[in-house]
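Chemist: Sequence unavailable; structure follows:
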């Protein structure tokens with residue numbers, strides 16, 4: 001792909017998200033979402049592979065359906081209440097429809113089936129953009145709406161944590177595992193969004209950091225399935241020794257960064273007298289932890305049969321940039337002691 005075309009697409013991607021961030025009018029927010037969708041589709045198809053074309057087509061259909069539903073719901077809200085303002089959503093019918101449309105855009109269960117298939121057809125770099133940057137605009141709208149339809153959001157959150165844990169159990173493809181991991185993490189965020197938006201924002205930031213570190217590790221090792229991780233010792237021994245910490249942080253084990261959002265979300269749900277959803281969410285986290293442990297075992301405790309020549313690549317200079325990977329890895333492992341500071345900063 002030409003650098004000029006790539007720069008234009010990346011600029012459009014940032015512009016679409018920024019427009020949605022800045023908008024208080026539903027039509028402007030919808031326009032930002034559409035620019036965002038149209039900018040990432042050429043990035044998905046730059047490989048010219050049938051699997052990538054299929055993934056881009058599925059993504060376009062899912063996003064177009066969600067955008068049409070969102071437009072219809074916002075028009076219905078304007079017809080019923082005379083308001084186009086995002087923060088003035090009051091009628092329960094359009095609020096429910098917009099919540100469902102944004103759930104489809106994010107890939108929340110039970111509207112999740114497009115996400116693993118789309119992510120499987122993309123390169124790891126484009127998959128990273130889809131799993132991180134593309135979640136920002138719909139979440140900005142959810143946070144601005146300040147939804148109060150508690151039963152729907154709790155249902156979507158619990159379904160997502162359950163499907164995200166269960167769906168990844170028998171997967172061998174790393175991109176599908178990361179897709180189900182994304183569904184599970186989004187479920188945790190949606191569970192608490194109506195009670196503590198600042199805590200949802202904290203969880204989203206930590207999820208972005210941890211997912212970035214995981215994708216960049218797989219990209220550095222050129223791994224797309226679990227079996228290929230057995231070769232990671234020969235490529236980057238130091239990074240491979242840190243991989244279990246990153247994966248266990250994704251699973252939410254102390255004393256790693258990923259424990260912080262799960263701990264605070266369970267505490268908040270308990271404060272709201274939602275002990276049963278909190279218990280179910282904690283149990284579904286064990287399902288996710290199982291497939292993170294599978295990846296850990298494959299990457300660090302398994303060494304593929306090899307020759308002396310094949311075990312030498314780590315001695316050769318790497319051409320890949322590792323500053324972002326280093327920063328994300330450090331943050332993924334070491335941020336838990338900063339929990340009080342983050343709580344004070346975001347006024348949780």
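Modeler: It's in. This is a predicted model, so every value here is computed, not measured.
Chemist: Which stretches in this structure count as strands?
Modeler: With strands called from DSSP state E, the chain shows none.
Chemist: pLDDT below threshold where in it?
Modeler: Within the chain, the stretches with pLDDT under 70 are 307, 309-315, 347-348.
Chemist: Longest helix of the chain, counting residues only.
Modeler: helix 50-81 (DSSP state H).
Chemist: Mind giving me the packing neighbours of that one?
Modeler: Helix 50-81 sits against helix 26-44, helix 92-106, helix 114-120, with contacts defined as 3 or more C-beta pairs under 8 Å, 6 or more residues apart in numbering; DSSP states H and E. (Each C-beta comes from the backbone N, C-alpha and C, glycine too.)
Chemist: Now distance to residue 202 too, for these, in TSV please.
Modeler: Shown next, in TSV, are the helices and strands packed on helix 50-81 (distance: least, C-beta to C-beta, whole Å):
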stretch	distance to residue 202
helix 26-44	23
helix 92-106	17
helix 114-120	23
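Chemist: For stretch 319-327, which residues meet the burial criterion?
Modeler: For stretch 319-327, a neighbour-count test (16 or more other C-beta atoms under 10 Å) marks residue 325 as buried.
Chemist: what's the answer for stretch 231-251, then?
Modeler: Going by 16+ other C-beta under 10 Å, stretch 231-251 has these buried residues: 231-236, 239-240, 242-251.
Chemist: and if you look at stretch 281-290?
Modeler: Counting neighbours by 16+ other C-beta under 10 Å, one finds that the buried residues in stretch 281-290 are 281, 284-285, 287-289.
Chemist: can you tell me which residues contact the residue sitting furthest away from the middle of the chain?
Modeler: Going by C-alpha atoms, centre = their mean, the residue of the chain most distant from its centre is residue 308, 38.9 Å out. Not one residue lies near residue 308 by C-beta atoms under 8 Å, 6 or more residues apart in numbering.
Chemist: Would you quantify the distance from it to residue 176?
Modeler: Residue 308 is 34 Å from residue 176, where distance means C-beta to C-beta, to the nearest Å.
Chemist: re the thing from before, now compare the buried residues of stretch 281-290 and name the two farthest from each other.
Modeler: Pairwise distances across those peak at 12.9 Å for 281 and 289 (criterion: C-beta to C-beta).
Chemist: How many neighbouring residues does residue 12 have?
Modeler: Using other C-beta atoms under 10 Å, residue 12 has 16 neighbouring residues.
Chemist: just to revisit the earlier point, go through the helices and strands packed on helix 50-81 and name the closest to residue 203.
Modeler: Closest approach to residue 203 among those is made by helix 92-106 (13.4 Å; C-beta to C-beta).
Chemist: And the contacts of that closest one?
Modeler: Where contact means C-beta under 8 Å, 6+ apart, the residues beyond helix 92-106 that reach it are 33, 62-63, 65-67, 69-70, 72-74, 76-77, 80, 89, 111, 135, 138-139, 141-142, 145, 147-149, 152-153, 156, 186, 190.
Chemist: Now the buried members of these.
Modeler: Among the contacts of helix 92-106, the ones that count as buried by 16+ other C-beta under 10 Å are 33, 62-63, 66-67, 69-70, 73-74, 77, 89, 111, 135, 138-139, 141-142, 145, 147, 152-153, 156, 186, 190.
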